[in-house]
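Asker: I'd like to go over a predicted model; first the sequence, then the structure.
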Amino acid sequence: MNVGRLIWFLAAVAMAQVGSATTYYVSGSNGDDTNIGTSAEAPLQSIQALNDMEFAPGDSILFHAGESWQGMFWLHGSGTPEFPILVGKYGEGPRPILDGNGYQASLLIYNDECIAVQDLEFTNDASHLDEVGEVKKLEGFGGESNDWGSGKNVRFGIKVVADAQSIQGIQFANLYIHDVFPSPDLAANEHKGYAIKIETQSDLEQNAVHLANEVSFSNLTVRRTGHYGIWIKSLGLNQNDTFKNYSVVMDSCLFEYTGGSGFVPNKCEFVTVQNSIFNHTGSDVDERMWKRGSGMWTFDCRNVMAQFNQFKNAHGPIDSYGAHIDYGNENVLYQNNLSYNNEGGFVEILGDNINCGYRYSLSINDGYRVDPDGVHNGRTLNISDYCGESNPGCSSAGTFVYNNTIYIGDTLAPEIRIKPGIGDFHCYNNLFVCEPEGADLLCDISEASNELDFSHNLFFDASRYQFDSEGIVANGGVFAHPLLQSMDSLGGLDEDFYKLTAESSAFESGLVVSELLLSTASFDHTSMDDFYGNSVQEIGHSIGAHQPRVGSFFCGPGAEWNHAEQKCTACMCDGDFDGDGNLTVADLLIFISNFGGN
């Protein structure tokens, strides 16, 4: 076949697929399962009718806006990368609700792929028993690995399983998933509720490797789950570093009051998590919750970037950092994130990791936990060799924490802890600002089997720090007032208050990190932006998350940087310095704080 005929043939196949795609409409109030369901005027009515159907590439299953259904929708059929199957809504109004009503999942995708799910609401909090005491489950979905198809001991908003083949192209967008809890007899299982779980099952002895590739989550809201919000879990690949789920993207998602962590990717590579908010993970607002969890954490992953996120108010007696790096990872980078009021702390990096770290992030009042036994106190930095309960400890290589700004108020006393046997650790250009009043800040540092390199970190007020006797943490340190934009207003969430001023001792006092750390396959240490979006290339390097150029300083409300005079001057705003449209005492106070009272 010549090239022209091949192109024509492929085009004809594509057109045939488009032409054969069908849109199915579902309405609980206006539908009837005797309808074909291919028009909005004569829709189908029930999930049961959909469960009996096999869908084809390009098909759409649309639920009527503002209506709700109970039961488990088991979607049969795969799309293609060009023509995915779409599950969504039609009509104006709120998202349609798919209530799992005690089945194991509200939506099940089982060994099918190229499916897009959008514009829907999911919940699943009812009993797993029907009105006569029978277990709610669908015929054909069972087996020990699926907990026998019951929602008794485990529950999902959406469950995706790949145990007979690898799958790709699973997309979730604009979903609201909430209140997902099982109904077990044993209290040990009552927390096992998940908004979304993607599970792959492999058997290396049988050369059967099944992965989930090209998975995306965008504009999701997840609230009140017993355990994790979203979990990617691969079974049967332990002690194998060759096979990983490939290409996972999370963008603009919101996790609130999840009983465990918001997002937990396992055995994944090329992962991006950005523009998302993790708030009150490890929540205890429901007694059934796990009550512990960092905003997100990676396990046995490679080439991960988490950036432009907010990690706030994580709770729990263990871990519960804004975001932590578990063990067995390679090339995991957390950058340009806000970390606020997380009980466990700011940085936690466990063992058996390669080239993992944090940079250009802002930490505010992280690490307030006080453990009566002193084992799991809150920590600004927690660098550990932990790599599983059955292992004595594992060292890491290339661990780094640099150019972060850390604020610690007077009501908390997080530690800096480095355990023995963690490998090499590089800590540069971090700006530690703590209120002068408050308990001592312990530095628990071990040199045993470690290569520790601290340099050019600024500590203020340094009097609260109990530096190690070997002088490791204080090595090459700067002990001077950082003169941030609003020193009297620190502790809140106004990020501009933590910027440097032109007179700051941190300005252009940092070292060049790219001369000390090697680039990785997924990121380097030269071509990036600081926390505030400023390029860090070809500038004098400063200490902290803010990297201003000369003449580019933020001057606060009602002022602007005067390039000629190299200082802040009043802007032409008629005295309304706070921009509220009124002249008040607040405007006067802003003027005085910027330009002095003389």
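Answerer: That came through, no problem.

Asker: And the helices in this protein, which stretches?
Answerer: Secondary structure of the chain (DSSP state H): helices at 3-20, 47-51, 585-595.

Asker: Worst mean pLDDT among the ones you listed?
Answerer: By mean pLDDT, the lowest-scoring of the helices of the chain turns out to be helix 3-20, with a mean of 49.

Asker: residue contacts, the residue at minimal distance from the centre of the chain?
Answerer: Centroid check for the chain by Cα atoms, centre = their mean gives Met296 as the closest residue, at 4.7 Å. The contact partners of Met296, by Cβ atoms under 8 Å, 6 or more residues apart in numbering, come to 261-265, 273, 278, 306, 311, 323. Placement of C-beta: from N, CA and C, glycine included.

Asker: now the end-to-end length of stretch 470-479.
Answerer: 17 Å (Cα to Cα, to the nearest Å).

Asker: still on that earlier bit, between which two of the contacts of Met296 is the distance greatest?
Answerer: The largest separation in those, counting by Cβ to Cβ, is between Pro265 and Phe311 at 15.4 Å.

Asker: JSON lines for the contacts of Met296, including distance to Glu435 and neighbour count?
Answerer: Below are the contacts of Met296 laid out as JSON lines (distance: Cβ to Cβ, whole Å; neighbours: other Cβ atoms under 10 Å):
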{"residue": "Ser261", "distance to Glu435": "30", "neighbour count": "29"}
{"residue": "Gly262", "distance to Glu435": "30", "neighbour count": "33"}
{"residue": "Phe263", "distance to Glu435": "33", "neighbour count": "31"}
{"residue": "Val264", "distance to Glu435": "34", "neighbour count": "23"}
{"residue": "Pro265", "distance to Glu435": "36", "neighbour count": "27"}
{"residue": "Val273", "distance to Glu435": "32", "neighbour count": "27"}
{"residue": "Phe278", "distance to Glu435": "26", "neighbour count": "31"}
{"residue": "Ala306", "distance to Glu435": "29", "neighbour count": "27"}
{"residue": "Phe311", "distance to Glu435": "22", "neighbour count": "31"}
{"residue": "Ala323", "distance to Glu435": "25", "neighbour count": "29"}
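
Asker: so where's the chain uncertain?
Answerer: 1-19, 551-598 (pLDDT under 70).

Asker: Go again with 50.
Answerer: 1, 4-13, 15, 597-598 (pLDDT under 50).

Asker: Bridged to the residue nearest to the centre of the chain, which residues?
Answerer: Beta-bridge pairing of Met296 under DSSP bridges involves Phe263.

Asker: mind checking how far it is from Trp231?
Answerer: 11 Å (Cβ to Cβ, to the nearest Å).

Asker: before we move on, what about Glu437?
Answerer: With Cβ to Cβ as the criterion, Glu437 and Trp231 are 42 Å apart.

Asker: quick one: which of those two has more around it?
Answerer: The neighbour comparison of Glu437 against Trp231 (other Cβ atoms under 10 Å) goes to Trp231, with 20 against 10.

Asker: The more buried one contacts Cys268, doesn't it?
Answerer: No. Here Trp231 does not reach Cys268: they are 11.2 Å apart, not a contact under Cβ atoms under 8 Å.

Asker: which neighbours do those two share?
Answerer: Counting by Cβ under 8 Å, 6+ apart, nothing touches both Trp231 and Cys268.

Asker: And stretch 206-216, what's buried?
Answerer: By 16 or more other Cβ atoms under 10 Å, the buried positions in stretch 206-216 come out as 209-216.

Asker: Let's see the distance spanning that stretch from one end to the other.
Answerer: For stretch 206-216, the end-to-end distance is 29 Å (Cα to Cα).

Asker: Ok, stretch 199-214 next?
Answerer: OK, stretch 199-214 end separation, Cα to Cα: 14 Å.

Asker: who's in contact with that stretch?
Answerer: 145, 159-170, 198, 232-237, 240, 243-247, 267.

Asker: run the last query once more with 6 Å
Answerer: 161-163, 166-169, 198, 233-237, 243, 245-247 (Cβ atoms under 6 Å, 6 or more residues apart in numbering).

Asker: Tell me the buried residues in stretch 517-526?
Answerer: For stretch 517-526, by 16+ other Cβ under 10 Å, it's 517, 520, 522-523, 525.

Asker: If you could redo that for stretch 405-421, that was the one I meant.
Answerer: Neighbour-count burial for stretch 405-421 [16+ other Cβ under 10 Å]: 405-409, 412-419, 421.
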